[in-house]
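> below are the sequence and a predicted model; questions follow.
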Amino acid sequence: MKLVTIISCVALTSALSYQTAQADALSDAMLDATGQPYTKEIIEKLVVIKAGAKCLAKLGDKDGGARHSGSFITRDIEKYAKRVTGESWDDIESQDKTKNAAMVAEKIAAFRSKFSYTIDIEGDDCDNGSSALWLSYWFATSRAINQYPIDVPKLNITIKVRKAARAVTYTMSPDGTTVEYTAPRDIEPKNWAELMERPFRQRASGFADDYVFALSTSSDFVAATVLDKLVTLKVGPACRAKLPDPNAGAVHAASFFTRDIADYAKGVTGDDWTAISNQSSGTRESNRAMVTEMVAAFRKRFALTITVDGPDCDATMNALWLRYTTTIVTALRDRPPTAKAVMLDLKVTKGAKDIKVTASKDGGKISIVAPLTVEPAAWTDKLQKPFEKFPRK
């Protein structure tokens, strides 16, 4: 019995023979397109396509998009399997297709416990052109699993293509083994390619937080590591959801205040994290690992905590709490306290009417309470005041 299940919206009594025929049509199209039996087996054993009868009837078309895209997708899956198992189905089969095809088929069937694709297309019919959205989604994810490899014991990917959807959304399980997308069927969504690859790219980057990851893509590795290791954000869920938006202001603001934190760290430790991460000696991975350790270790000497009152917040570039933050950290960089460890605490609250600062003599602990929505008078001077006693850098 074939492991592939291609489901049509016909009566159950006739569906079993029909789905087998359609499975054969699509998998045979892969064999015809590539000349490699393993591509046929991948479709039959690792892929589940849920679609209507008219859609399924198209999938084996010689000039159709599924045949063309599938030949690339199956090779991507083979490449992924090689990384996971250490065996190349293509290499084994190419040695002797007649003799080894059955052996490879068994290996692919066994790989079902480690990998599967489900493509769920709403409706009786579907686009089978070369630029069909559902095929583009499938192709984008098949590339992403190799471009941004993640180490998980198994990987199950589901792409739900829906008529009512207008944007690509996704969820990834905490352990990274399950990824489920919902994407538009007929209307091309914004940034769909980036969104399809994002869960793999983000997990591979090591930046689990969406805000940190957004900073890593718009700025650089050091900025994201500083935000991840040295800054604690206490904000409401609606506020946190806004922070990664590249069209808002939080990501842009973070690119400035994390740079100032890195400059402060360079001044007190002598370590230039950006230069180290980009140095020609070592590898990109080893240099970044070294910088990550340095930034994490610096947590003993510096931490910034930002608390924004309420479930939501202003995340535009002119948001007061972001302007407070950049002002404070620039003052820290320009006039570093004498304390060996500096802990900054910024609380932005609805109840505050003005800036209130409490600071130790050596600047080791500086606590600031500031208004959330009403801009106080001379707030820049008030935020810089606790640093003015220290010599300018």
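Cool, the structure landed. Note that the structure is a prediction, hence the values are computed from the model and not measured.
> what's the local residue count around P246?
Neighbourhood size, P246 [other Cβ atoms under 10 Å]: 13. In this view, the C-beta of every residue, glycine as well, is placed from N, C-alpha and C.
> er, G270 actually
7.
> look up phi and psi at it.
Backbone torsions for G270, taken as degrees, to the nearest 10, come to phi 90, psi 0.
> one more: T171?
Torsion angles, degrees, to the nearest 10, at T171: phi -130, psi 140.
> residues touching it, list them.
Shown in contact with T171 (Cβ atoms under 8 Å, 6 or more residues apart in numbering): V179, E180.
> distance of it from S142?
The gap separating T171 from S142 is 19 Å, by Cβ to Cβ, to the nearest Å.
> just the buried residues of stretch 343-353, please?
Across stretch 343-353, burial judged by 16 or more other Cβ atoms under 10 Å covers M343, L344, D345, L346, K347, V348, A352.
> quick one: which of these is nearest to S280?
L344 (34.8 Å; Cβ to Cβ).
> count of neighbours near the residue nearest to that closest one when sequence neighbours are not counted?
Sequence neighbours aside, L304 is the residue nearest to L344 in space, at 4.7 Å (criterion: Cβ to Cβ, 6 or more residues apart in numbering). Neighbours of L304 under the rule other Cβ under 10 Å: 23.
> surely L304 is within a strand?
Yes: counting by DSSP: H, G, I helix; E, B strand; the rest coil, one finds L304 located in a strand.
> OK, contacts around it?
L230, V231, T232, I261, T325, V329, L344, L346.
> could these be laid out in CSV, adding distance to P311?
Formatted as CSV, these follow (distance: Cβ to Cβ, whole Å):
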residue, distance to P311
L230, 25
V231, 20
T232, 18
I261, 27
T325, 20
V329, 26
L344, 24
L346, 19
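> most surrounded residue in those?
Busiest of the contacts of L304 [other Cβ under 10 Å] is T325, holding 27 neighbours.
> check contacts around it.
Applying Cβ under 8 Å, 6+ apart to T325 gives the contacts A253, F257, L304, I306, L346.
> JSON lines please, covering those and showing distance to L56.
Converted to JSON lines, the contacts of T325 look like this (distance: Cβ to Cβ, whole Å):
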{"residue": "A253", "distance to L56": "50"}
{"residue": "F257", "distance to L56": "54"}
{"residue": "L304", "distance to L56": "56"}
{"residue": "I306", "distance to L56": "53"}
{"residue": "L346", "distance to L56": "58"}
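> can you add distance to P376 and pLDDT and give these back as TSV?
Shown next, in TSV, are the contacts of T325 (distance: Cβ to Cβ, whole Å; pLDDT from 0 to 100):
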residue	distance to P376	pLDDT
A253	19	96
F257	20	97
L304	21	98
I306	17	98
L346	14	98
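> need the contacts of L304 in CSV with distance to I121 and secondary structure, can you?
Formatted as CSV, the contacts of L304 follow (distance: Cβ to Cβ, whole Å; DSSP: H, G, I helix; E, B strand; the rest coil):
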residue, distance to I121, secondary structure
L230, 45, helix
V231, 42, strand
T232, 43, strand
I261, 47, helix
T325, 46, helix
V329, 49, helix
L344, 52, strand
L346, 49, strand
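> neighbours of D175, how many?
By other Cβ under 10 Å, 9 other residues sit near D175.
> next one: it from V84, what distance?
Applying Cβ to Cβ to D175 and V84 gives a distance of 16 Å.
> can you tell me how far the closest residue to A109 other than its chain neighbours is from M30?
Closest residue to A109 apart from its sequence neighbours, by Cβ to Cβ, 6+ apart: K45 at 5.0 Å. Distance of K45 to M30, computed by Cβ to Cβ: 12 Å.
> those two - which one has more neighbours?
Set K45 next to M30 and count neighbours by other Cβ under 10 Å: M30 wins out with 27 against 21.
> thinking that one is in contact with E44, fair?
No: assessed by Cβ atoms under 8 Å, M30 is found out of contact with E44, at 9.1 Å.
> was I right about G129 contacting G65?
Yes: using Cβ under 8 Å, G129 is in contact with G65, at 5.0 Å.
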